[in-house]
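*Asks:* with the sequence up front, the predicted model follows.
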Amino acid sequence: MRLERLSTNQFKIFLTFDDLIERGLTKEDLWHDLPRVHALFHDMMYEASDELGFELEGVLLVQVHLLQAQGMSVIVTQNHEVVEDDEYVEMKVTLDESKELIYSFYDFENIIQVCSHLEQIGIRGGSIYHMDNTYYMRFNETEVLGQNREHIIAIMSEFSSASIITSYRLEEYGKRIMENNAVEQVKNYFIK
């Protein structure tokens with residue numbers, strides 16, 4: 001579990017799917033109102049509170065974003081509404097699931113290698129970005145529709161790391177190197 005303070009009243013938690021499994025949960029469990037899910041959120045809030053020096057009180061607005069291959073990103077915003085009971089913390093939880101795949105590469109050579117494997121299984125799409133000395137490859141939901149997602153994730157994981165960067169951040173701060181059909185473009189320029 002990784003923690004990051006975003007502002008005086010907001011922090012972010014990132015859990016990989018391995019972190020969830022270690023805590024006895026699956027991705028599907030998150031969509032159900034189970035006591036284990038409530039216990040997970042309770043534990044995460046207090047662990048973040050201890051590590052970040054964040055005083056939990058009032059209403060917590062919790063946004064959960066499930067990232068396809070990466071895990072779960074949780075953004076917690078504290079609303080300092082007056083609560084009569086000091087021991088009471090109210091959480092309002094919003095769940096969202098991202099269908100896109102985003103992977104980070106530290107060397108463009110790895111992108112060339114992954115593209116040769118993706119091209120062999122019929123993948124031609126994707127976009128490539130560069131930001132903070134790292135390359136990112138993004139596939140939206142329609143670009144992998146009808147394909148075996150687990151196979152794509154396995155190939156991508158062999159040459160890169162799953163990224164928690166959102167496509168919105170890439171669009172705003174990253175430099176787009178290849179838009180759409182990136183696998184096909186890399187094949188045409190670099191693979192003979």
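*Replies:* Cool, the structure landed. Residues are numbered from 1 along each chain as shown.
*Asks:* which element is encountered next along the chain beyond the helix or strand bottoming out on mean pLDDT in the chain?
*Replies:* When the helices and strands of the chain are scored by mean pLDDT, DSSP states H and E, strand 89-98 comes last with a mean of 57. Later in the chain than strand 89-98, the nearest helix or strand by DSSP states H and E is strand 101-105.
*Asks:* so what touches that next one?
*Replies:* Residues outside strand 101-105 that contact it (C-beta atoms under 8 Å, 6 or more residues apart in numbering): 67-70, 111, 114, 134-139, 144, 149, 152-153, 156-157, 159-163, 165-167, 170. (Glycine included, C-beta is placed from N, CA and C.)
*Asks:* which of those residues fall within helices?
*Replies:* Judged by DSSP state H, the subset of these located in helices is 111, 114, 149, 152, 153, 156, 157, 159, 167, 170.
*Asks:* what's the burial count for the fifth one?
*Replies:* Residue 153 has 17 neighbours, counted by other C-beta atoms under 10 Å.
*Asks:* circling back: pull out the buried members of the ones in helices among the contacts of strand 101-105.
*Replies:* Taking 16 or more other C-beta atoms under 10 Å as the criterion, what is buried in these is 111, 114, 152, 153, 156, 159, 167, 170.
*Asks:* among the residues you listed, which two are most distant?
*Replies:* Across those, no pair lies farther apart than 159 and 167, at 20.0 Å, counting by C-beta to C-beta.
*Asks:* considering the ones in helices among the contacts of strand 101-105, which is situated nearest to residue 63?
*Replies:* Closest to residue 63 out of the ones in helices among the contacts of strand 101-105 is residue 167 (16.2 Å), distances taken as C-beta to C-beta.
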